[in-house]
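> from the sequence below, what's the structure:
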Amino acid sequence: MGRRAQHRNRALAGDIGDFSPHWSGAAFSSFVWESLDAAGRHVTFSAFVNTASGSRVGLWRAGSSAGPQPVAILGDTGAYSPGGGLTWTDLYERTILAGGDIALIARTSDGQVALWLPSEGRAPERLLATGQAVGVPTASGTAQAAIATIATSGGAIAARSGSGADTWAGADGSVLLRVTTTPSYDTLWIAAKARDRIFQDGFKD
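As a prediction, this is how the structure comes out:
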């Protein structure tokens, strides 16, 4: 006989226990289903929560025995902020890797759109941002230009294009981002690797 599938809750609207947001005594009120992404034993999703001070929205990681854990919460100035006195203002694209790392494209209160790596147990790391200088190959040599906009391969930055090897993020942590620059060199594509942690936990059947 085949093995019976086991389905485990990862988050539950209204719960204030194991499947709650684990933040400020809040409870999930609704989930942004199109934000859901999964890899290995981990999932990430955006959700709205109800707190004593009103409704908030943020990004969560789930998969450990500790239940859903906050990653980024809009407007938060504490542990779930980008750090450096900044706050998150918009969360655009995200994908989760098998080891639990999340590649996130987001806007912060300084107006920058950037690719972030909010790893579990560490402060978010900004990997690529608007205003950052990049070398652009030209017929006369490498020219320096500043990144003006960042998008994924799927089109407009606010449109979710999913995850996987054929889209903006691969399972090995590689990402492909479309950028424009100042001065303009038409549309450029930047390939990078957010982190190479695939199979870090070994194999299990």
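
> per-residue confidence for G17?
G17 carries a pLDDT value of 78.

> that one: which element?
For G17, there is no enclosing helix or strand under DSSP states H and E.

> that one and S55, how far apart?
G17 is 20 Å from S55, where distance means Cβ to Cβ, to the nearest Å. For glycine as for every other residue, the C-beta is placed from the backbone atoms N, C-alpha and C.

> same thing with G111?
Following Cβ to Cβ, the distance that separates G111 from S55 is 24 Å.

> with W168 instead?
As judged by Cβ to Cβ, W168 and S55 stand 29 Å apart.

> settle it for me: which of these two has more neighbours?
Under the criterion of other Cβ atoms under 10 Å, the comparison of W168 against S55 puts W168 first, with 23 against 11.

> pretty sure that one contacts L176?
Yes - here W168 reaches L176: they are 5.6 Å apart, a contact under Cβ atoms under 8 Å.

> quick check on the residue nearest to T87 when sequence neighbours are not counted: phi, psi?
Of all residues not flanking T87 in the chain, S109 sits nearest, at 4.6 Å (Cβ to Cβ, 6 or more residues apart in numbering). The phi/psi pair for S109 (degrees, to the nearest 10) reads phi -70, psi -10.

> could you give the bridge partners of A106?
L91, A114 (DSSP bridges).

> try S46
According to DSSP bridges, beta-bridge pairing links S46 with V32, L59.

> with T180 instead?
Beta-bridge partners, per DSSP bridges, of T180: T149.

> and the pLDDT for it?
On the pLDDT scale, T180 gets 88.

> for it, list the residues it contacts.
Applying Cβ atoms under 8 Å, 6 or more residues apart in numbering, we find T180 in contact with I147, A148, T149, T187, L188.

> tell me the bridge partners for the closest residue to A123 other than its chain neighbours.
Of all residues not flanking A123 in the chain, G83 sits nearest, at 5.3 Å (Cβ to Cβ, 6+ apart). When assigned by DSSP bridges, G83 has beta-bridge partners L86.

> G83 reaches R126, doesn't it?
No - between G83 and R126 there is no contact under Cβ under 8 Å: 9.1 Å.

> between the two, which has more neighbouring residues?
Neighbour comparison, G83 and R126: the larger count goes to R126, with 19 against 13 (by other Cβ under 10 Å).

> distance check, the more buried one against A103.
For R126, the distance to A103 - Cβ to Cβ - is 12 Å.

> which strands or helices does the lowest-mean-pLDDT helix or strand in the chain pack on?
Ranked by mean pLDDT, DSSP states H and E, the helix or strand of the chain with the weakest confidence is strand 188-193, at a mean of 78. Strand 188-193 sits against strand 125-129, strand 133-138, strand 174-182, with contacts defined as 3 or more Cβ pairs under 8 Å, 6 or more residues apart in numbering; DSSP states H and E.

> rerun at 6 Å
On a contact count with 3 or more Cβ pairs under 6 Å, 6 or more residues apart in numbering; DSSP states H and E, strand 188-193 meets strand 174-182.
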